[in-house]
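K.L.:
sequence unknown, structure follows:
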């Protein structure tokens, strides 16, 4: 179990930030041949990115819903996301090619989606939680004094 960090915390990230949401919806549970390889490919991609500070990848959080996973990824810049997605030497390209090949054989069994957001400013608060989210991706600082209110944290 993750260690609870007592108190109120906010992130330390400053500058450019891109939030990339990516998810998968399993439409046909009885067809793991269509969706299980894609699910299994995500862990090695996240490990690859986490080992490479030059990639621009800052961190992630994952949630599992009733129909599949959702990842919230934090990146320095949108260009970093695109560079990784198109890098023929990285794990993403072969995984994406294999996903497309499999899903053509079983149309509609699994769906994927993503959304990309360039964030001008961000406000966060984490209270009595394990380190996660943008705090895990960028660092934490206690919420005190001038950071006490959300409006003040957003103002910087």
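P.N.:
That came through, no problem. Note that the coordinates shown come from a computational prediction; the quantities given were computed from them, not determined experimentally.

K.L.:
and the spatially most central residue of the chain, how far from residue 10?
P.N.:
Centroid-nearest residue in the chain, with CA atoms, centre = their mean: residue 73, separated by 2.0 Å. Noted for residue 73: a distance of 20 Å to residue 10, by CB to CB, to the nearest Å. For every residue, glycine as well, the C-beta is placed using N, CA and C.

K.L.:
dump the residue contacts of the nearest residue to residue 48 once chain neighbours are set aside.
P.N.:
Leaving out its chain neighbours, the residue that sits closest to residue 48 by CB to CB, 6 or more residues apart in numbering is residue 91, at 5.2 Å. Shown in contact with residue 91 (CB atoms under 8 Å, 6 or more residues apart in numbering): 41, 44-45, 48.

K.L.:
give me that answer again for 6 Å
P.N.:
Applying CB atoms under 6 Å, 6 or more residues apart in numbering to residue 91 gives the contacts 44-45, 48.

K.L.:
and what of residue 41?
P.N.:
By CB under 6 Å, 6+ apart, the contact set of residue 41 is residue 95.

K.L.:
any idea how this structure splits into domains?
P.N.:
5-12+124-155, 17-119 (automatic domain parsing).

K.L.:
neighbouring contacts of the helix or strand of the chain with the lowest mean pLDDT?
P.N.:
One helix or strand of the chain scores below all others by mean pLDDT, DSSP states H and E: helix 150-155, with a mean of 87. For helix 150-155, contacts defined as CB under 6 Å, 6+ apart pick out 10, 121, 123, 146-147.

K.L.:
looking at these, which two lie furthest apart in space?
P.N.:
121 and 146 (15.5 Å; CB to CB).

K.L.:
weakest of the domains of the chain by average pLDDT?
P.N.:
Here those differ in mean pLDDT, and the lowest is domain 5-12+124-155 at a mean of 91.

K.L.:
so for that domain, what gets flagged as buried?
P.N.:
For domain 5-12+124-155, burial by neighbour count (16 or more other CB atoms under 10 Å) applies to 5, 9-11, 124-126, 131-138, 140, 143, 147, 153.
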